[in-house]
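S.K.: show me how the following folds:
(one chain, ligands or ions: 2)
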Amino acid sequence: MSIHILSPEVANQIAAGEVVERPASAVKELIENSLDAGAIDIRVEVREGGRRLIRVQDDGCGIPAAEAALAFERHATSKIDSADDLSHLTTLGFRGEALASIASVAQVSLLTHTRDEAAGTLIRMAEGREVERSLHGAPPGTSVTVEHLFANVPARLKFLKQPATEAAHIQQIVTRYALAYPERRFGLVSDGKLLFQSTGSGKPYDVLLKVYGSEMAREMLPIDLNDERRATAEDGSSAIGHRPSAIGVSGYVGAPALHRGNRSYITLFVNRRWFQDTSIAYAVIQAYHTLLPVGRYPVAVIFIEMPPEDVDVNVHPTKAEVRFRESGAIYSAVQRAVRRTLVDHAPIPQVGLGEPATPVGGGAEASAGAFGGSAWAERRDALLGAGRQGRLLPAAEDQEPALGYQGTATPGGASALAAQSSVSAPQPLVPLLRVVGQLGATYIIAEGPDGMYLIDQHAAHERILYEQMLAEHAGNRLVVQPLLEPLLLDLSPEQAAVAAEELETLNQLGVDIEPFGGSSYLVRAVPALLSKDNPGAALVEIIDGLAAHTDLVEATHEARLVTLICKRAAIKGNTPMNLAEMQELVRRLEACRSPRTCPHGRPTMIYLSNSDLARQFGRT
Ligand code: ADP
Ligand code: MG
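M.R.: Ligands and ions are numbered 1, 2, ... in the order given. Down below sits the predicted model:
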């Protein structure tokens, strides 16, 4: 065959392959057109999974009679003018391809009517050619009907799934747009049955209820932007080097008890456009680190808002993939917002008797009693006098396997969440607790009005010190301890590099440290928290911690440093405490803003309810 230019019909069919893969892709393009036309009410009707018929009807601006035929021309669009416009898109469409592509693989009729014209226009297309154009009565808006999709493309037809499967794909498309546009009404009718209808109330939670049902929706936690800002401010990060970000993250994330077998329940939008991105989805998954059972995935609906010029949506014909100018910043903004939401709403994990034990990471560090001493140990020694007290309680090893960590909400937690889901959640606090004793020199057993609490002494103390130090720092009253003699730290080159980089943060937080030639540093003062127990070793450990970059949440330098200092200063596991010490610790924990989690986001306590106990003992 000689080289020749393909006819427009064939060229369109080839191009259509990229845009219209299955009925759901046609529905997606038509809905986007309706949204771009400013429609408030969008109705989708399909028959036989969209293969027989797809109709999308809207009450948008309509197309003027003189332009209606042009809409089916390839690269005909009213949305952009120049290539320049591509860098700051505000519409969902811009390629001018969808109608041309759909018309080349189906019979299409367009009925459209603008508000200022007397009559509407009807255009019928068959095999990519116009077969009818007439004036036609119609309500304001546009209705596009697509019939016998792929009838002329047997190869495509072969790959279509059962009508029910195709209808499910269509429903997914409709619900995604409904979530992203809660102020518009979306309806979906399939073979005469109403499958979905949103109210257009403007409240995302209302759509969430319709999409996921009330059982699931009540387990979803709102990402509260203000909450996120407040947290960052209180972390002290606003004080130093905190840039206000142009990236906004909102949406809903499932409580850890709500999980699924795959990642398809992570739904992402950027500037109200759905997109796929394994890296950002991973940011969501990472934020649940240690909170979900192995192999399970969270449920999340994430809306990212950012300047349109910082995201390129013109990467893929169906616009399912996007490219971010600063993907790292998006990754951390999403991870931080999700993690913060989870930490803020963290219920006290409940102990389930008789449930299979699910091992959960995070306990190991708390009980790693590698370092003795610390301010606590000193106080303890003083309180105990010469004689060291042993365990107050037997370790009860044989009970342990039955105590499974469930990671579920406390009873009533679910309904409490439902009640608060559209407003910002109150801080979860702990009731007043009565200390009963210590377990394994590592956990404090306490009694509350509603059951038993097992408190991880190290994690709890970390939380207390963390909030104390941040408060002191914020109020410019951080207690700093000058050293009697300056301390010379001989660091490894790697450690010295970290010290150099973090010098300012170290100084801000009360570590008076200065370079002393080569990889040596001179320390003249340390935060009081670190002064008691070998400050040199403590600093080296903290510098190593700074180098490790292991935190889950992208915290500020300052918050990371505070976390490391508190981890070092907190009482370790495997340290006997007497009753007075434990009471003091519990009292200070009760006064914390976020008493239920340590600064790393792990639980400080687990809970066993009275009703669970009664049930296990057969009392009910
Ligand atoms: P694009 O959306 O990329 O511009 P399309 O082929 O989807 O390309 O649509 C071509 C043009 O037809 C649009 O730019 C718009 O002017 C017009 N159009 C399509 N659908 C509608 C609609 N539902 N309401 C109003 N105008 C529409
Ligand atoms: Mg379009």
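S.K.: residues in contact with the residue in the stretch 251-400 of the chain that ligand 1 sits nearest to?
M.R.: The stretch 251-400 of the chain approaches ligand 1 most closely through K319 (9.8 Å), counting by CB to the nearest ligand atom. In short, each C-beta sits where N, CA and C put it, glycine included. Contact partners of K319, counting by CB atoms under 8 Å, 6 or more residues apart in numbering, are L92, R273, F275, V313.
S.K.: and those, which two are the farthest apart?
M.R.: L92 and F275 (11.7 Å; CB to CB).
S.K.: pairing partners for the helix or strand hosting S109, with directions?
M.R.: Assigned by DSSP states H and E, S109 belongs to strand 107-113. According to DSSP bridges, strand 107-113 has the following sheet partners: strand 120-126 (antiparallel), strand 141-147 (antiparallel).
S.K.: now mean neighbour count and mean pLDDT too, for the ones you listed, in CSV please.
M.R.: Shown next, in CSV, are the strands paired with strand 107-113 (neighbours: other CB atoms under 10 Å; pLDDT from 0 to 100):
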stretch, mean neighbour count, mean pLDDT
strand 120-126, 21, 96
strand 141-147, 23, 98
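S.K.: indicate which one of those is closest to ligand 2.
M.R.: Checking the strands paired with strand 107-113 against ligand 2 by CB to the ion gives strand 141-147 as the closest, at 10.4 Å.
S.K.: what segments of the stretch 51-200 of the chain are helices?
M.R.: 98-104, 154-159, 163-180 (DSSP state H, counting those that start in this stretch).
S.K.: mean neighbour count, those helices: which tops it?
M.R.: helix 98-104 (a mean of 26; mean count of other CB atoms under 10 Å).
S.K.: and that helix, how far out from the chain middle?
M.R.: Distance of helix 98-104 from its chain centroid, counting by CA atoms, centre = their mean, to the nearest Å, is 37 Å.
S.K.: and what of stretch 444-456?
M.R.: From the chain centre to the centre of stretch 444-456 is a distance of 31 Å (CA atoms, centre = their mean).
S.K.: phi and psi next, for E21.
M.R.: phi -90, psi -40 (degrees, to the nearest 10).
S.K.: mind listing what's buried in stretch 82-97?
M.R.: By 16 or more other CB atoms under 10 Å, the buried positions in stretch 82-97 come out as L89, L92, G93, F94, R95, G96, E97.
S.K.: what's the closest of the residues you listed to ligand 2?
M.R.: Of all the buried residues of stretch 82-97, ligand 2 sits closest to G93, with 2.9 Å by CB to the ion.
S.K.: which bits of the stretch 101-250 of the chain sit near ligand 1?
M.R.: T142 (CB under 6 Å from any ligand atom).
S.K.: pLDDT weak spots in the stretch 101-250 of the chain?
M.R.: Applying pLDDT under 70 to the stretch 101-250 of the chain flags the ranges 225-245.
S.K.: number of residues surrounding I571?
M.R.: If you count neighbours by other CB atoms under 10 Å, I571 ends up with 24.
S.K.: next one: the one 3 residues further on
M.R.: Applying the criterion other CB under 10 Å, we find 16 residues in the vicinity of N574.
S.K.: then L488?
M.R.: Per other CB under 10 Å, the neighbour tally for L488 reads 11.
S.K.: ok, now H557?
M.R.: Neighbour number of H557 under other CB under 10 Å is 18.
S.K.: the residue nearest to it when sequence neighbours are not counted is in what secondary structure piece?
M.R.: Excluding its sequence neighbours, the residue lying closest to H557 (CB to CB, 6 or more residues apart in numbering) is T505, at 4.5 Å. Secondary structure assigned from DSSP H and E places T505 in helix 503-508.
S.K.: tell me the helix or strand right after that helix.
M.R.: From helix 503-508, the next helix or strand downstream (DSSP H and E) is strand 512-515.
S.K.: buried sites along stretch 462-479?
M.R.: Going by 16+ other CB under 10 Å, stretch 462-479 has these buried residues: E462, R463, I464, L465, Y466, E467, Q468, M469, L470, E472, H473, L478.
S.K.: for the last one, give its distance to K28.
M.R.: The span separating L478 from K28 equals 55 Å under the rule CB to CB, to the nearest Å.
S.K.: equivalent analysis for the second one, please.
M.R.: Using CB to CB, one gets 47 Å for the distance from R463 to K28.
S.K.: the first one now?
M.R.: The spacing between E462 and K28, counted by CB to CB, is 48 Å.
S.K.: please apply the same query to the third one.
M.R.: Look at I464 and K28: by CB to CB, they are 52 Å apart.
S.K.: could you do L613 as well?
M.R.: 53 Å.
S.K.: hmm, back to that, contacts for the strand holding S109 next, please.
M.R.: Under CB under 8 Å, 6+ apart, the answer for strand 107-113 is 62-63, 68, 71-72, 99, 102, 119-126, 132, 136, 138-148, 151.
S.K.: got any ranges where the stretch 251-400 of the chain has weak pLDDT?
M.R.: Applying pLDDT under 70 to the stretch 251-400 of the chain flags the ranges 347-400.
S.K.: most proximal residue of it with respect to ligand 2?
M.R.: Proximity of the stretch 251-400 of the chain to ligand 2 (CB to the ion) peaks at K319, 9.9 Å away.
S.K.: just give me the neighbour total for L454.
M.R.: L454 has 20 neighbouring residues, counting by other CB under 10 Å.
S.K.: dump the residue contacts of it.
M.R.: V351, L439, Y443, I444, I445, A446, M605, I606, Y607, L608 are the contacts of L454 under CB under 8 Å, 6+ apart.
S.K.: point out the least confident one among those.
M.R.: pLDDT across these is at its lowest for V351, which sits at 65.
S.K.: name the SS class of E462, please.
M.R.: Classification of E462 using DSSP: H, G, I helix; E, B strand; the rest coil returns helix.
S.K.: what's the distance between it and V311?
M.R.: Distance of E462 to V311, computed by CB to CB: 38 Å.
S.K.: what's the answer for H169, then?
M.R.: 25 Å.
S.K.: please apply the same query to H148.
M.R.: 37 Å.
S.K.: just M469 next, same as before
M.R.: In terms of CB to CB, M469 sits 38 Å off from V311.
S.K.: give the residue spans of the stretch 451-600 of the chain that score low on pLDDT.
M.R.: Along the stretch 451-600 of the chain, the parts satisfying pLDDT under 70 run over 549-555.
S.K.: quick one: the helices in it?
M.R.: Under DSSP H, counting those that start in this stretch, the stretch 451-600 of the chain gives helices at 457-474, 493-501, 503-508, 528-531, 535-548, 557-569, 579-590.
S.K.: just checking, what packs against the longest one?
M.R.: When you say that, I think you mean helix 457-474. Under the contact definition 3 or more CB pairs under 8 Å, 6 or more residues apart in numbering; DSSP states H and E, helix 457-474 sits against helix 363-367, strand 443-448, helix 557-569, helix 579-590.
S.K.: related to what we said a few turns ago, any chance of the strands paired with strand 107-113 in TSV, plus distance to P222?
M.R.: Shown next, in TSV, are those (distance: least, CB to CB, whole Å):
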stretch	distance to P222
strand 120-126	42
strand 141-147	33
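S.K.: which one of those lies nearest to I565?
M.R.: It is, among those and with distance given as CB to CB, strand 141-147, at 62.3 Å.
S.K.: please parse the chain into its domains.
M.R.: The record's domain parsing of the chain by automatic domain parsing lists 4-200, 220-345, 364-476+573-616, 480-569.
S.K.: start and end of the longest one, how far apart?
M.R.: Pointing back at domain 4-200 there. Its first and final residues considered, domain 4-200 spans 51 Å by CA to CA, to the nearest Å.
S.K.: off-centre distance for it?
M.R.: Per CA atoms, centre = their mean, the centroid offset for domain 4-200 relative to its chain is 32 Å.
S.K.: just to revisit the earlier point, tell me which element the residue of the stretch 251-400 of the chain closest to ligand 2 is part of?
M.R.: Here K319 is covered by no helix or strand, with elements defined by DSSP H and E.
S.K.: what do you get for the one 10 residues further on?
M.R.: Element membership of A329, judged by DSSP H and E, is helix 327-344.
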